[in-house]
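> show me the folded form of this:
(2 chains)
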Amino acid sequence: MIQPSSKIQNPNSKIIWVVLVASLSLGGCSVEKARALQGAAVQFKTESLAAIDAIDQMRQRELEAPPRSQADIRQGFISRVLNSKVDLNSAVIDLAIDPFQPPKVAEWDDFIVDLRSQYEGFASIFDKLNSGAIVSQAEAKQSAEYARRLTVQMALLADAINKNPPMLGQYRSRTIVKLKKLRQDYQTLLTRLKSGSDGSETLQQMNQRKSDLENQAGELMNEWQQIKQEEQKLLETTVVQCTKAATMGKELVEVANHYNDLEVGQLNALIPRILTTAAAFTGRDYSVVKVKATNLVSQIQSDPFWSGVTKTLLDRANTAAASRTQVQVNLPVSLPPTSRNR
Amino acid sequence: MSDSNHLFLQQAANLMNDLNVHYIEAEFDDQVQLKDQLDQAMRDFSKAKLAILKNNITCTADDVKQMQQLRQRLAKAPDLQQILATVVSFVSFVRLRFL
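As a prediction, the model looks like this:
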């Protein structure tokens, strides 16, 4: 079997993609080969979309607040508004209803839109082929470029997210506040217990409350552990999906790079291998995925076939970093007015 | 990716947690005062994280130290004005240094 070695450089790999797409759109003897590769390309399309969705989900969950029941929202609003002394206006009323609404972050929105547009650019050619339309050379080249860029971006993101795991900030803060309050109540109760009953509560009642508070602390420990588990799940889901898409994209593009050298039988043997590799990423053994994500980045940075795209993406980033102010920042202490109480 | 990037994000995330705790514990009228700055801090923290994930940023040991100092300052803040001042410093630092 011919192994698709990425070390053998094709002078213009985009041309191969054009040949592949042309085979599909025009038919002929090579259509069987092209169809074999199309199956893997469609799977790459699916995995890329799932990876983008996972990244989008991760960034939203990092900022969101824990859900509250309608009864809590209503009671909270009543308490805030009726005890407040600030001037009432629309913004204050909205805040009283939901003081924990996270802000919108336009840069993240733009980033997700950019990833989705690359995906759509890559995917559109297959939609066009399936509808029987003729695909131009320019469109095929563009599709190949999208596939390469998506692959590199997914590989870099998988590694970066693995090194900087998501944190459910508002969930953590909420549990910390509950624990602080509980600890304060517990220590106040202990002081009262030491000094004996003051008449408002019997010793038996105080001991019962002490036991209740201890149980609540145990429940909060479970709550904290659940948050940590949720964070780990979010991390693993995102990294596994990005690594899966990147691995599949890398193998797919490398096979496409050898398209002319491969017989139908060889392609039919290689394509299931690509699909099997991708299917093996279940996230059951995350330590293996972590290693795979790191190795992928090393490979795309050192392999001349991939390093061009990788360098372009990283150079763009480095240029942005270099243009940033590197001087020591003096921290201001003056306060700007807020929009809610002007 | 440098260790400083990871350490910086960790310190910044902890600072955001501390800030959220202050916000949740505050009276509603104080939350009204804090909300705009808290939102700005969350937004800039999220943008800084995106820049790090995109390999756009290389943090230094000084950046990590600045975050630690800001966190200490927040922990010692005796009143709302000092909390607000620390948030403003955090936002200014992240913006000037990273965004």
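> so residue A:198: helix, strand or coil?
Recorded secondary structure, residue A:198: coil (DSSP: H, G, I helix; E, B strand; the rest coil).
> ok, how many other residues are close to residue 74?
You didn't pick a chain, so chain A it is. 12 (other C-beta atoms under 10 Å in any protein chain shown). In short, each C-beta sits where N, CA and C put it, glycine included.
> that's the other chain; I wanted chain B
21.
> swap in residue A:72?
Residue A:72 has 10 nearby residues by other C-beta under 10 Å.
> buried sites along the helix or strand hosting it?
Using DSSP states H and E, residue A:72 sits in helix A:70-83. Across helix A:70-83, burial judged by 16 or more other C-beta atoms under 10 Å in any protein chain shown covers A:76-77, A:80-81.
> what's the answer for stretch A:181-197, then?
For stretch A:181-197, by 16+ other C-beta under 10 Å, it's A:182, A:186, A:189, A:192.
> closest one of those residues to chain B?
Comparing the buried residues of stretch A:181-197 against chain B with C-beta to the nearest C-beta places residue A:182 closest, at 13.2 Å.
> the closest one touches residue A:216, doesn't it?
Yes. The criterion here is C-beta atoms under 8 Å, and residue A:182 meets it with residue A:216 at 5.7 Å.
> average pLDDT across the helix ranked longest in chain B?
Among the segments of chain B that qualify as a helix by DSSP state H, the longest is helix B:28-53. Taken as a whole, helix B:28-53 has an average pLDDT of 95.
> stretch A:182-197 too?
Averaging pLDDT along stretch A:182-197 gives 92.
> residues contacting that stretch, please?
Stretch A:182-197 is contacted from outside by A:198, A:201, A:203, A:206-207, A:209-210, A:213-214, A:216-217, A:220, using C-beta atoms under 8 Å, 6 or more residues apart in numbering or on different chains.
> now distance to chain B and secondary structure too, for those, in JSON lines please.
Supplementary listing: these in JSON lines, determined by distance: C-beta to the nearest C-beta, whole Å; DSSP: H, G, I helix; E, B strand; the rest coil:
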{"residue": "A:198", "distance to chain B": "27", "secondary structure": "coil"}
{"residue": "A:201", "distance to chain B": "26", "secondary structure": "coil"}
{"residue": "A:203", "distance to chain B": "31", "secondary structure": "helix"}
{"residue": "A:206", "distance to chain B": "26", "secondary structure": "helix"}
{"residue": "A:207", "distance to chain B": "29", "secondary structure": "helix"}
{"residue": "A:209", "distance to chain B": "22", "secondary structure": "helix"}
{"residue": "A:210", "distance to chain B": "24", "secondary structure": "helix"}
{"residue": "A:213", "distance to chain B": "19", "secondary structure": "helix"}
{"residue": "A:214", "distance to chain B": "23", "secondary structure": "helix"}
{"residue": "A:216", "distance to chain B": "18", "secondary structure": "helix"}
{"residue": "A:217", "distance to chain B": "17", "secondary structure": "helix"}
{"residue": "A:220", "distance to chain B": "14", "secondary structure": "helix"}
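> list the contacts for whichever residue of the stretch 101-250 of chain A sits closest to chain B?
Sorted by distance to chain B under C-beta to the nearest C-beta, the residues of the stretch 101-250 of chain A start with residue A:173, at 3.5 Å. Residues in contact with residue A:173 (C-beta under 8 Å, 6+ apart) are B:17, B:20-21, B:23-24.
> name the nearest of the residues you listed relative to chain A.
residue B:20 (3.5 Å).
> what number of residues lie near that closest one?
For residue B:20, the tally of surrounding residues (other C-beta under 10 Å) stands at 23.
> so which bits of the stretch 1-150 of chain A are right by chain B?
Residues of the stretch 1-150 of chain A found near chain B (C-beta under 8 Å from any C-beta of the partner chain) are A:59, A:62-63, A:79-80, A:83-86, A:92, A:95-96, A:99-100, A:102-105, A:107-108, A:111.
> element containing residue A:266, please.
helix A:264-279.
> quick check: angle from the helix or strand just after that helix to helix A:264-279?
Counting by DSSP H and E, the next helix or strand C-terminal to helix A:264-279 is helix A:286-302. In terms of direction (axes from the mean of the first three to the mean of the last three C-alpha atoms, to 10 degrees), helix A:286-302 departs from helix A:264-279 by 130 degrees.
> any idea of the mean pLDDT for helix A:286-302?
Computed over helix A:286-302, the average pLDDT equals 88.
> swap in stretch B:75-83?
Averaging pLDDT along stretch B:75-83 gives 93.
> now the angle from whatever helix or strand residue A:172 lives in to helix B:28-53?
Element membership of residue A:172, judged by DSSP H and E, is helix A:169-195. Helix A:169-195 and helix B:28-53 are oriented at 130 degrees to each other (the same axes, to 10 degrees).
> nearest residue to residue B:47 other than its sequence neighbours?
What sits nearest to residue B:47 in space, not counting adjacent residues and going by C-beta to C-beta, 6 or more residues apart in numbering or on different chains, is residue A:107, at 4.9 Å.
> looking at the buried residues of helix A:70-83, spot the one nearest chain B.
Minimum distance to chain B across the buried residues of helix A:70-83 is 4.1 Å, recorded for residue A:80 (C-beta to the nearest C-beta).
> report pLDDT for that closest one.
On pLDDT, residue A:80 comes in at 97.
> distance of it relative to residue A:98?
Distance, residue A:80 to residue A:98, by C-beta to C-beta, to the nearest Å: 11 Å.
> next one: residue A:49
As judged by C-beta to C-beta, residue A:49 and residue A:98 stand 31 Å apart.
> compare these two and say which is more crowded by neighbours.
A count of neighbours by other C-beta under 10 Å puts residue A:49 above the other of residue A:49 and residue A:98, at 17 against 12.
> that one sits in which helix or strand?
Counting by DSSP H and E, the element that carries residue A:49 is helix A:31-63.
> that helix versus helix A:169-195: what angle between them?
Using the same axes, to 10 degrees: helix A:31-63 against helix A:169-195 is 30 degrees.
> list the buried residues of helix A:31-63.
Neighbour count says helix A:31-63 has A:33-34, A:36-38, A:40-41, A:43-45, A:47-49, A:51-56, A:58-59, A:61-63 buried, by 16+ other C-beta under 10 Å.
> wait, what's in contact with residue A:90?
Contacts of residue A:90 by C-beta under 8 Å, 6+ apart: none found.
> pLDDT value on it, please?
At residue A:90, the predicted lDDT confidence score is 97.
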